[in-house]
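**Q** could you work out the structure for the sequence below:
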Amino acid sequence: MEKKEQWTSAQPPQAVLDALASAFSSHGEDVRREKSSLEVHMGSNTLYRTWGNMTAEGRAHLPVALTFTASESGTGAAIEVHAFDTFGFRIGSGKSFGVPETFNRRLEEFLSYAAGVIGIDRPVTGPVPAPPRFNL
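**A** Next up is the predicted model:
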């Protein structure tokens, strides 16, 4: 799963990256900063695979990454955003137990959070289903 977007901000590029780095670092996420980009890694492949998609604990550890690249524009910053899963290999189609829906939902949540941090009103794009519920 992945999503790519382009945003603009009235803030200069370094202020955008500083705000995003601070916001995600405050939640304990793995933040890697370069001069004009920021990469954020969240979740744990091991914990997600251990707990699985059918538990809240598993879904909380969904392995995803966000990359933000900011450059000067006429009025502030042009921001390239790439959100993607770092799930690695999948057995079979990878479509069982609501996995694609869960990844889509989490990517939407993280992108909306990041946009809000830098003052961008980002509407949710496409359907964002609730996490799957299973009666076992």
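**Q** averaged over its residues, which helix or strand of this protein has the lowest pLDDT?
**A** helix 56-60 (a mean of 82; mean pLDDT, DSSP states H and E).
**Q** can you give me the mean pLDDT across the lengthiest helix in the chain?
**A** For the chain, the helix that runs over the most residues, judged by DSSP state H, is helix 99-117. The average pLDDT within helix 99-117 is 86.
**Q** buried residues in that helix?
**A** 99-108, 110-112, 114-115 (16 or more other C-beta atoms under 10 Å). Yep, even glycine has a C-beta here, placed from its N, CA and C like the rest.
**Q** elements contacting it?
**A** The contact analysis (3 or more C-beta pairs under 8 Å, 6 or more residues apart in numbering; DSSP states H and E) places helix 99-117 against strand 2-9, helix 13-26, strand 64-73, strand 76-85.
**Q** can I get those in JSON lines including distance to Asn53 and mean pLDDT?
**A** As requested, these are exported to JSON lines (distance: least, C-beta to C-beta, whole Å; pLDDT from 0 to 100):
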{"stretch": "strand 2-9", "distance to Asn53": "18", "mean pLDDT": "93"}
{"stretch": "helix 13-26", "distance to Asn53": "23", "mean pLDDT": "95"}
{"stretch": "strand 64-73", "distance to Asn53": "13", "mean pLDDT": "95"}
{"stretch": "strand 76-85", "distance to Asn53": "12", "mean pLDDT": "94"}
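**Q** now tabulate these in CSV and tack on mean neighbour count and distance to Arg49.
**A** As requested, the helices and strands packed on helix 99-117 are exported to CSV (neighbours: other C-beta atoms under 10 Å; distance: least, C-beta to C-beta, whole Å):
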stretch, mean neighbour count, distance to Arg49
strand 2-9, 14, 20
helix 13-26, 18, 23
strand 64-73, 18, 14
strand 76-85, 19, 13
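**Q** if anything else comes up later, I'll come back, but that's it for now.
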